[in-house]
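K.L.:
This is the structure alone, sequence omitted:
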């Protein structure tokens, strides 16, 4: 087997560096536009889950019920703005007392905006969208989902664990779905000491819609929903 002794020189297409530099302004505009539109939705809860869940499936109906309870309790509900669990979250909030918010993403497949959004914001960049999910949320409710849902969950856990954002309730709904992952956390991650025992306290596993709402209120009952000045400062560096 012949092993190259020198890597081929990278060839950057003409004009590409300039195009990449100008792209920064597009990213900035997404942050500015989204921040301007979302500053009035506090307090809010971000709900995540599969885009592939159908309206006749139990987790869709469960999500809709949770979102409706949150909306009636005074929380804006933030979802990814698409179909499946995202639609269920927006739908529940849409028929409640507080705003339904959809943070849509432009994708080559799957993502089509649902019609249950009081406030709709579209992103081209995943990372800008993910910042908004965290920045304006007082809690995360995570329904069963795939890679995208896991991505959002792990991002939230990492940001809270590392102190890059404030401590907030991160609630998994669906014991049967999430039980295996949590057991793996305990037996693999803890056994290998790649997380600390107290890191498991960042996650709550709750199945009943009313208990989800109660857990969020319980977390904030002694401090209120408004971030402290120190917490606001942290969020500038998400």
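P.N.:
Noted; the coordinates are in hand. Note that the structure is a prediction, hence the values are computed from the model and not measured. Numbering: from 1, shown residues only.
K.L.:
low-scoring pLDDT stretches of this protein, where are they?
P.N.:
1, 4-5, 7, 10-12, 14-16, 108-111 (pLDDT under 70).
K.L.:
For residue 157, pull up the helix or strand it's in.
P.N.:
Assigned by DSSP states H and E, residue 157 belongs to helix 147-161.
K.L.:
From residue 42, how far off is residue 218?
P.N.:
For residue 218, the distance to residue 42 equals 19 Å [CB to CB, to the nearest Å]. C-betas here are computed from N, CA, C, even on glycine.
K.L.:
Show me where this structure has its strands.
P.N.:
44-48, 76-79, 100-105, 119-123, 139-142, 170-172, 203-205 (DSSP state E).
K.L.:
which of those is buried the deepest?
P.N.:
Among the strands of the chain, strand 76-79 has the highest mean neighbour count (mean count of other CB atoms under 10 Å), at a mean of 29.
K.L.:
distance between that one and the chain's centre?
P.N.:
For strand 76-79, the separation from the chain centroid amounts to 10 Å (computed by CA atoms, centre = their mean, to the nearest Å).
K.L.:
Give me the helices and strands touching it, please.
P.N.:
strand 44-48, helix 58-72, helix 85-94, strand 100-105 (3 or more CB pairs under 8 Å, 6 or more residues apart in numbering; DSSP states H and E).
K.L.:
neighbours of residue 126, just the number please.
P.N.:
Using other CB atoms under 10 Å, residue 126 is surrounded by 13 other residues.
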